[in-house]
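In: Structure of the sequence below:
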Amino acid sequence: MSQAMRTDQGTPRARGWPLVWFERVNALEHELGRRICGGVCPDGTPCRRTSTHSSGRCSHHGGNHLTGAPKGNENARIHGLYSRRLQRCGESCVLWGACPFAEDDLLEIPLNNRPNCVYEQTEYDRLVDHYIGKGEGVDVHLAHTVALLQVMVSRAAAALSLDGFTETTRASGAEYSMESSKMSAALQAFLRLAREHRQYRRELMQEIAAAEEKTASQQPLGLPDRTRPILKKAEGVLEDAIAYEKRRRAALKAGVPFLEEEELEREERFYEEHGFYPARDEDEAEEDADEEERSDKDEQDEQDDLTGKEEKTEQEGEQEKSFDTDYADGEDYGREAARVQDALSAKGQQKAQEAEGQEGIIAVPP
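Out: Have a look, this model is predicted:
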């Protein structure tokens with residue numbers, strides 16, 4: 001960093017500082033008489049802390065020795081996997097050592113003039129032709145985006161097969177030492193690209209389905225296409241007829257009376273909906289058999305009722321006769337009891353009179 005990029009106190013100017021902010025930091029340093037961090041505080045004023053870091057920032061504005069990627073970190077590789085263009089042949093390719101198209105004379109050509117990877121170019125061209133050939137309504141830009149994302153996913157998968165799923169980072173210094181394990185850059189790239197590819201491909205598949213449906217609606221129907229709706233309608237009519245007959249038979253078995261007019265109206269409605277009358281031959285035979293069975297049952301019930309009534313009449317006659325006999329016996333018993341009572345009463349009166357006569361006689365002593 002040149003001297004022009006420093007304040008009068010020697011504080012380096014950050015790359016994101018505009019000239020107005022740089023002059024404000026320089027004026028504040030003249031006022032305080034020392035170097036300051038100069039980072040932006042929450043209230044919008046320059047940070048007044050001092051720093052010994054080479055960047056001139058304090059520990060809260062990026063001047064910490066523990067911040068930043070340590071040496072040997074491979075996070076930068078993820079940017080190559082995210083490159084939204086076909087890869088150029090060169091040593092940056094993860095398969096450079098095993099690719100049959102990797103030749104040393106390619107390295108002598110400037111990177112911008114090198115040919116694209118043969119495998120990525122072939123995959124990309126075939127995917128674009130496949131998606132665009134689905135119909136005229138397919139978005140060409142979306143088809144190219146999905147094809148390119150598919151190439152990038154394949155690229156990340158190749159890197160993942162070589163790098164593995166995790167990577168360990170070790171860093172040490174005069175005051176600290178650290179070791180950490182995390183997902184490898186290839187795995188992070190693969191997961192993110194796969195998620196993005198699924199999102200765009202879902203949209204593309206919806207457009208392809210709409211385009212195919214539109215194309216199919218504009219084409220003349222063949223024999224299978226013409227007969228398919230008729231067969232489907234006939235299947236529905238058959239299901240309705242079966243359901244109608246099941247309800248009818250269930251009602252007949254339950255003994256629910258059917259009026260002829262209601263049945264005719266129901267059949268007319270069925271004919272208007274389906275174009276034919278429901279089958280009646282078997283149902284009429286079953287209905288006649290049920291009617292005959294019900295008639296026989298009614299006659300048997302009537303006969304049983306008559307027989308029961310005659311038996312009841314005989315039982316009632318016998319009960320009345322028995323009651324009359326008992327009543328006559330009761331009357332005879334009553335008359336005999338009255339006669340005995342009268343006899344007892346007459347005898348008692350006679351004894352009473354004799355007693356009274358004896359009381360009127362004066363007994364004379366001898």
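In: Now do the SS call for the residue nearest to residue 128 when sequence neighbours are not counted.
Out: Excluding the flanking residues, the one nearest residue 128 by CB to CB, 6 or more residues apart in numbering is residue 147, at 4.8 Å. All C-beta spots, glycine's among them, are computed from the backbone N, C-alpha and C. Assigned by DSSP: H, G, I helix; E, B strand; the rest coil, the conformation of residue 147 is helix.
In: wait, isn't residue 147 in contact with residue 127?
Out: Yes: using CB atoms under 8 Å, residue 147 and residue 127 qualify as a contacting pair, with a distance of 3.7 Å.
In: Let me see the contact set for residue 89.
Out: Contacts for residue 89 were tallied using CB atoms under 8 Å, 6 or more residues apart in numbering; they are 101-102, 106, 114-117.
In: Also residue 179?
Out: With contact set as CB under 8 Å, 6+ apart, residue 179 has these partners: 168-171.
In: again, but for residue 215
Out: 135-136 are the contacts of residue 215 under CB under 8 Å, 6+ apart.
In: List the buried residues in the host helix or strand of it.
Out: For residue 215, the element it lies in under DSSP states H and E is helix 185-218. Taking 16 or more other CB atoms under 10 Å as the neighbour-count basis, helix 185-218 is seen to contain the buried residues 185-190, 192-194, 197, 200-201, 204, 207-208, 211.
In: pLDDT value on the closest residue to residue 159 other than its chain neighbours, please?
Out: The shortest distance from residue 159 to any residue other than its chain neighbours is 3.9 Å, reached at residue 186 (CB to CB, 6+ apart). Here the pLDDT value assigned to residue 186 is 83.
In: do residue 338 as well
Out: Reported pLDDT at residue 338 in the predicted model: 69.
In: Residue 19 now?
Out: Model confidence at residue 19, given as pLDDT, is 90.
In: which residues touch it?
Out: No residues are in contact with residue 19 under the rule CB under 8 Å, 6+ apart.
In: again, but for the one 3 residues further on
Out: Applying CB under 8 Å, 6+ apart, we find residue 22 in contact with 7, 13.
In: Can you point out the helix or strand that includes it?
Out: helix 19-32.
In: Tell me where the chain has strands.
Out: In chain order, the chain shows strands spanning 166-172, 177-183, with DSSP state E as the criterion.
In: could I get those strands as TSV with mean pLDDT?
Out: Putting those into TSV (pLDDT from 0 to 100) gives the following:
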stretch	mean pLDDT
strand 166-172	78
strand 177-183	80
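In: Out of these, the one nearest residue 135 is which?
Out: Taking CB to CB as the criterion, strand 177-183 is the member of these that comes nearest to residue 135, at 39.5 Å.
In: tally of neighbours for residue 54?
Out: Each residue near residue 54 was counted by other CB atoms under 10 Å, and the total is 9.
In: So the closest residue in space to it that isn't next to it in sequence versus residue 102, what's the distance?
Out: Take residue 54 and drop its neighbours on the chain: the residue closest to it by CB to CB, 6+ apart is residue 12, 7.8 Å away. Taking CB to CB, to the nearest Å as the criterion, residue 12 is separated from residue 102 by 43 Å.
In: ok so, going back, could I have the buried ones of the contacts of residue 89 as ChimeraX selection syntax?
Out: ChimeraX command restricting the contacts of residue 89 to the buried ones, with burial defined by 16+ other CB under 10 Å:
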select :106,117
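In: so who does residue 85 touch?
Out: Residues near residue 85 by CB under 8 Å, 6+ apart: residue 148.
In: what does stretch 93-102 rub up against?
Out: In this structure, residues lying in contact with stretch 93-102 by CB under 8 Å, 6+ apart are 87, 89-90, 117-118, 155, 158-159, 162.
In: again, 6 Å this time
Out: 87, 118, 158-159, 162 (CB atoms under 6 Å, 6 or more residues apart in numbering).
In: For it, the averaged confidence score.
Out: When pLDDT is averaged along stretch 93-102, the result is 79.
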